[in-house]
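Trainee: Mind folding the following:
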Amino acid sequence: MTTTTLAVLVPLLPFLGAACGLLLGRTLPGLARPLAILPTLAALAVAVLVATRQAGGAAVDSATELTPTGSVPIELALHLDGFAALVAVLVGVVAACVQIYSTGYLRDDPRYPSYAALVSLFTSAMFLVVYSGDLIVLLVGWEVMGICSYFLVGHYWETPEARAASLKAFLVTKLGDVPFLIGLFVLAGDTGSFRITTVLGAVAHGGLDHPTLIALLLLAGVAGKSAQFPLHTWLPDAMAGPTPVSALIHAATMVAAGVYFVARLLPVFEASRAALLVLAVMAAVTMTGSGVAALAQDDIKRVLAYSTIGQLGYMTGALAVGDRGAAVFHLLSHGAFKALLFLAAGVVIHAAGTNSLAAMSRLHGLRDRVPDAFWTMTVALLALAAIPPFSGFFSKESVLGAAEHVATGHTGSAPAAAGWIVLVTGLLTALLTAAYATRLWLLAFRGRGAEAPDHGRQPLTMTVVLWVLAVPSLALGGLTYRLLPDWFDGRDLTPALTTSVLGTGLALVGGIVTYAAWRHTTAFAARVPLGAVAAHPEGDAGLVEAEAIASHAPAYGGVARAADPADPGRLLLGPLHRHAAVGFHLDAVYTALFVRPVQAGARLVRFLDREVVDTYVRGAGALPRWLGAAVRRAQTGNVQTYVSALLAGTVVLAVAAVLVATGA
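Mentor: Numbering: from 1, shown residues only. Alright, predicted model coming up:
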């Protein structure tokens with residue numbers, strides 16, 4: 001087979017698996033798991049073969065016209081370069097791991113067949129985004145992911161939190177997609193094509209008439225899809241969905257799509273220095289704000305959600321300084337260790353019976369109950385904190401090194417101000433990242449108090465996946481940073497000495513200070529009597545029920561989410577803690593600026609409709625109704641009455657005729 005044919009099979013295989021799963025999963029439930037796993041594994045194998053053939057060489061382009069439009073053509077186009085080849089492998093690895101993990105995690109869920117089919121469709125849509133050479137076809141995959149996220153985040157639709165989270169994720173991302181779609185049309189209008197290679201060729205020859213407008217419109221969609229400020233608020237709430245869904249969304253699909261899109265069309269954004277500066281500011285606010293917010297979260301999954309937002313900020317920061325190689329390098333590295341973090345968190349949640357870090361800190365011996373999750377999560381947290389030699393160190397340092405080069409004027413077409421913004425906030429975020437990673441590890445695995453419940457060994461499908469993902473989390477960066485330039489733009493990704501020392505030093509400071517704060521608060525908490533931890537209401541329930549109930553523990557009489565006196569985040573943040581815990585009230589701001597005015601407008605429209613428009617309608621119908629009522633009274637149905645009336649009328653007419661004749 002040709003490389004083009006193989007590339008077509010990559011999104012097609014999980015799509016066929018999704019279609020068969022939706023059609024047959026309910027009637028033949030035994031097929032649900034094979035239909036979920038086998039097509040995804042086959043797509044991964046083909047994606048690896050495609051990457052091997054592409055091998056960082058010349059891009060493979062192929063296209064056929066989808067339909068005549070009379071103006072700008074829409075094509076089924078393939079654009080396969082080093083970026084696409086490696087990102088597709090990442091998507092395949094994470095999707096396969098999530099599908100295998102889910103067979104154990106959702107083993108007792110009656111809706112597993114539809115869940116698995118939607119995950120396959122989600123995976124197919126991301127493959128389409130990665131390989132597509134036409135912006136409209138890319139948009140199709142972009143929007144299919146949005147629909148799938150709506151259903152998957154709302155998988156536990158019985159809970160109001162899941163329903164609200166799915167609706168919020170859908171609406172917030174659509175809010176960015178509207179200007180994104182307009183930006184695509186303006187871009188096609190300027191360049192005369194939706195074909196990515198044609199667009200990039202036009203940009204290279206100065207063919208954009210509205211570069212800043214196009215870039216800013218496209219950035220709105222990127223901010224929504226990749227959860228960047230100010231459209232990031234949907235992502236923490238999306239944790240109401242199953243943990244494997246969180247791993248898929250955060251690691252390899254959806255949120256990565258925005259970063260990948262900018263990397264694909266980076267010359268479009270580089271055509272406007274103002275757009276790069278806006279992108280740098282967006283990345284800076286996202287990185288620092290999410291880092292502080294993560295330090296204040298009690299829900300372990302919300303900590304990881306804010307962590308994802310911050311790491312995506314690093315990627316957009318790299319793009320803001322014009323280095324898409326560093327951005328995609330961090331995307332690949334982050335995809336491995338963030339998938340591992342979420343999947344390990346799912347094991348920890350089941351063992352503890354709660355999502356709450358405060359409740360976990362009151363459990364002794366949790367690490368002994370889940371040794372696989374403990375060791376692999378430790379590896380992933382070290383990668384997240386960018387401690388050498390873990391993968392996150394190399395990818396994050398490539399971002400900081402690129403920012404330092406632009407800031408000092410050594411390279412790049414981006415403004416120096418963008419370089420300084422990304423560099424300073426990136427170093428500050430390195431400190432914050434290490435702080436909240438250390439806090440999560442200490443509260444989850446160094447608790448005191450009651451003995452952690454024993455739910456027995458986790459399913460093998462779950463623990464094996466953790467170790468599979470631990471390998472790239474540990475070794476991906478060190479083994480590949482010298483090879484990746486051949487796949488990307490040729491820019492050196494070797495860590496720079498200055499940023500490596502500063503970044504690692506700040507990360508160590510963040511970890512040490514958090515540990516010291518934890519020791520201090522633990523010593524204080526030792527003098528505070530611990531409340532009894534209520535038993536899980538469902539006993540040793542299935543994994544699905546355990547997480548769904550634990551997420552709403554107060555309502556079910558489970559572990560209460562009281563403030564934990566041993567939480568170092570409270571000591572480190574001080575008065576800022578209560579604001580950071582609710583995302584700096586950004587949802588409240590949106591409610592005041594947008595939700596309430598819309599609701600007030602809706603109430604006004606309803607009042608006008610009911611009290612004004614309906615009044616005229618009722619008035620217009622009143623007179624005919626009254627006349628009809630009067631006529632209806634004369635219709636008695638009595639024949640004698642009708643004859644008497646006829647006779648009386650005849651007499652009256654006769655008398656009238658005689659009088660008229662006499663008068664004449």
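
Trainee: Counting neighbours, what do you get for the nearest residue to Arg491 once chain neighbours are set aside?
Mentor: Of all residues beyond its chain neighbours, the one nearest Arg491 is Gly325 (4.9 Å), with distances taken as CB to CB, 6 or more residues apart in numbering. Bear in mind the C-beta positions are built from the backbone N, C-alpha and C, glycine included. The local packing of Gly325 (other CB atoms under 10 Å) involves 22 other residues.

Trainee: And the host helix or strand of Gly325, how far out from the chain middle?
Mentor: Here Gly325, judged by DSSP states H and E, is contained in helix 324-352. From the chain centre to the centre of helix 324-352 is a distance of 14 Å (CA atoms, centre = their mean, to the nearest Å).

Trainee: Then stretch 121-137?
Mentor: With CA atoms, centre = their mean, you get 16 Å for stretch 121-137.

Trainee: With stretch 120-132 instead?
Mentor: Remark: stretch 120-132 is offset 15 Å from the chain centroid, using CA atoms, centre = their mean.

Trainee: same check, this time on stretch 242-251
Mentor: Relative to its chain's centre, stretch 242-251 lies at 9 Å (CA atoms, centre = their mean).

Trainee: Just the CA trace of that stretch, in PDB.
Mentor: Output of stretch 242-251 as PDB, limited to C-alpha atoms (Å, rounded to 0.1, in the frame of the first residue of the first chain):
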ATOM      1  CA  PRO A 242     -15.300   9.400  33.600                       C
ATOM      2  CA  THR A 243     -11.600   9.600  34.300                       C
ATOM      3  CA  PRO A 244     -10.500   7.800  31.100                       C
ATOM      4  CA  VAL A 245     -12.400  10.500  29.100                       C
ATOM      5  CA  SER A 246     -10.400  13.100  31.000                       C
ATOM      6  CA  ALA A 247      -7.200  11.300  30.000                       C
ATOM      7  CA  LEU A 248      -8.300  11.200  26.300                       C
ATOM      8  CA  ILE A 249      -9.400  14.900  26.200                       C
ATOM      9  CA  HIS A 250      -6.400  16.200  28.100                       C
ATOM     10  CA  ALA A 251      -3.600  14.200  26.600                       C
END
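
Trainee: Which stretches in the stretch 101-250 of the chain count as strands?
Mentor: With DSSP state E, counting those that start in this stretch, there are no strands along the stretch 101-250 of the chain.

Trainee: quick one: low-confidence parts of it?
Mentor: Applying pLDDT under 70 to the stretch 101-250 of the chain flags no residue at all.

Trainee: now the stretch 351-500 of the chain
Mentor: The stretch 351-500 of the chain contains residues with pLDDT under 70 at 412.

Trainee: What does Gly154 show for phi and psi?
Mentor: With angles defined as degrees, to the nearest 10, Gly154 sits at phi -90, psi 20.

Trainee: measure the closest residue in space to it that isn't next to it in sequence to Leu135 for me?
Mentor: Leaving out its chain neighbours, the residue that sits closest to Gly154 by CB to CB, 6+ apart is Ser166, at 3.1 Å. Distance check for Ser166 against Leu135: by CB to CB, to the nearest Å, it reads 27 Å.

Trainee: likewise Thr286?
Mentor: 25 Å.

Trainee: which helices and strands does the longest helix seen in the chain pack with?
Mentor: Criterion DSSP state H: the longest helix present in the chain is helix 160-191. When contacts are defined as 3 or more CB pairs under 8 Å, 6 or more residues apart in numbering; DSSP states H and E, helix 160-191 packs onto helix 135-153, helix 196-204, helix 211-225, helix 234-237.

Trainee: which stretches of the stretch 551-664 of the chain have low pLDDT?
Mentor: Across the stretch 551-664 of the chain, residues meeting the criterion (pLDDT under 70) sit at 551-565, 634, 664.
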